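Engineer: just coords:
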């Protein structure tokens, strides 16, 4: 059977046409691994006045304490200028701060240089955000270190590539897929794929090319189902929805020696398969979990650094837990489990991503079928008018 080269494969940008640049925080202190520190930082900011508040805020060209901005969609922060704000801290929300690193964020547009309100309008419990984890141009081919396409149910604030919501409206309405794509796949496979099936397949086979991430497609129903099954497993592990992932007994990581109040460094012992945090010790930690990378960075090292790097004294970021919270240990054990299970899928993902696929569905075939090119409207956000948004200084927001 003929096979497809990656030059013939459709672009992710055509299959999921609406995309948004990742949010840009502009300052680090509105995000943290724990919510309590964020409330304390907010209170410290509001206790300061005049120049002291401005210095603590860390103004940029996009945001100062005098910027006039509205509420984030679905959030309840104030809209008066921050220089004279007196209200309580908006409830922190869980976000994906870095690959596989879930943290907390104060959802207040006055604190964020570029919040991307269009993403907040479609964020709900049924949304899935696809995030380009690797540079779209000139990147190396994916290997067992990690996929170039991540997925999350949380709002992503990663400093990576484009963000592509799976749905253009709340409530899993209007899939962000090229119009006619699922119908074309149904005709070729004999069964209509769900939007999540398409994303699952893309998560497995997406790879960088000159023009961006490409997603080879196949009309072979058996290969398609195999790829979707692997992709569904990957999505479940990355999103961590519902039942928590677990390794079989004997392979589950445990705290073998208590972690210190402030572990200064992390070290991995391959012979022991153990993670050492000063005198603290976690084992077993499979080498594949320790070696797992995303965007060229070892995930476990980056996760640990985000919680132990010492910030500049006198800044809001310096307000942090006095000791290592128990919740972080639980999160670390789950992260080790997720990375180990994802690594186990690496061989299947690599086989599907790198081997020529049978019965290819090329970009040319999609153009002949009228699926491509997509209309310009498919690349723009849909109108979402069923949420109340307050504008600057309490004015009615026009959206």
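Structural biologist: Okay, I see it. Model, not experiment: these values are computed from the prediction.

Engineer: CA only for contacts and neighbour counts going forward, please
Structural biologist: OK.

Engineer: phi, psi for residue 156 please.
Structural biologist: phi -90, psi 130 (degrees, to the nearest 10).

Engineer: secondary structure class for the nearest residue to it once chain neighbours are set aside?
Structural biologist: The shortest distance from residue 156 to any non-neighbouring residue, by CA to CA, 6 or more residues apart in numbering, is to residue 96 (4.7 Å). Three-state assignment for residue 96 (DSSP: H, G, I helix; E, B strand; the rest coil): strand.

Engineer: what is the burial count for residue 96?
Structural biologist: Close neighbours of residue 96, defined as other CA atoms under 10 Å, add up to 20.

Engineer: show me what it is bridged to.
Structural biologist: residue 102, residue 156 (DSSP bridges).

Engineer: wait, doesn't it sit right on residue 151?
Structural biologist: No - using CA atoms under 8 Å, residue 96 is not in contact with residue 151, being 9.8 Å away.

Engineer: confirm residue 179 sits in a strand?
Structural biologist: No - according to three-state DSSP, residue 179 belongs to no strand; its state is coil.

Engineer: list the contacts of it.
Structural biologist: Listed by CA atoms under 8 Å, 6 or more residues apart in numbering, the contact set of residue 179 reads 371, 374.

Engineer: ok, residue 234 next?
Structural biologist: Neighbours of residue 234 in contact, by CA under 8 Å, 6+ apart: 200, 203-204, 342, 345.

Engineer: among the residues you listed, name the ones in strands.
Structural biologist: Using DSSP state E, no member of the contacts of residue 234 falls within strands.

Engineer: neighbour count, pLDDT and distance to residue 377 added to these, as JSON lines?
Structural biologist: Formatted as JSON lines, the contacts of residue 234 follow (neighbours: other CA atoms under 10 Å; pLDDT from 0 to 100; distance: CA to CA, whole Å):
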{"residue": "200", "neighbour count": "22", "pLDDT": "98", "distance to residue 377": "25"}
{"residue": "203", "neighbour count": "28", "pLDDT": "97", "distance to residue 377": "25"}
{"residue": "204", "neighbour count": "29", "pLDDT": "96", "distance to residue 377": "28"}
{"residue": "342", "neighbour count": "24", "pLDDT": "95", "distance to residue 377": "36"}
{"residue": "345", "neighbour count": "17", "pLDDT": "94", "distance to residue 377": "37"}
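
Engineer: turn those into TSV, columns for distance to residue 282.
Structural biologist: Shown next, in TSV, are the contacts of residue 234 (distance: CA to CA, whole Å):
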residue	distance to residue 282
200	32
203	30
204	30
342	19
345	23
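
Engineer: which of those residues fall within helices?
Structural biologist: Counting by DSSP state H, the part of those found in helices is 200, 203-204, 342.

Engineer: quick one: residues in contact with stretch 367-374.
Structural biologist: Taking CA under 8 Å, 6+ apart as the rule, stretch 367-374 contacts 14, 17, 178-181, 184, 363, 366.

Engineer: try it again with 7 Å
Structural biologist: 14, 178-181, 366 (CA atoms under 7 Å, 6 or more residues apart in numbering).

Engineer: circling back to that earlier point, now flag whichever of the ones in helices among the contacts of residue 234 is closest to residue 269.
Structural biologist: Closest to residue 269 out of the ones in helices among the contacts of residue 234 is residue 342 (20.8 Å), distances taken as CA to CA.

Engineer: local confidence estimate at the closest residue in space to the closest one that isn't next to it in sequence?
Structural biologist: Of all residues not flanking residue 342 in the chain, residue 234 sits nearest, at 6.5 Å (CA to CA, 6+ apart). For residue 234, the pLDDT comes out at 96.

Engineer: tell me if residue 234 really is in a helix.
Structural biologist: Yes - assessed by three-state DSSP, residue 234 belongs to a helix.

Engineer: now residue 183: closest residue in space that isn't a chain neighbour?
Structural biologist: Per CA to CA, 6+ apart, closest to residue 183 is residue 192, 6.7 Å.
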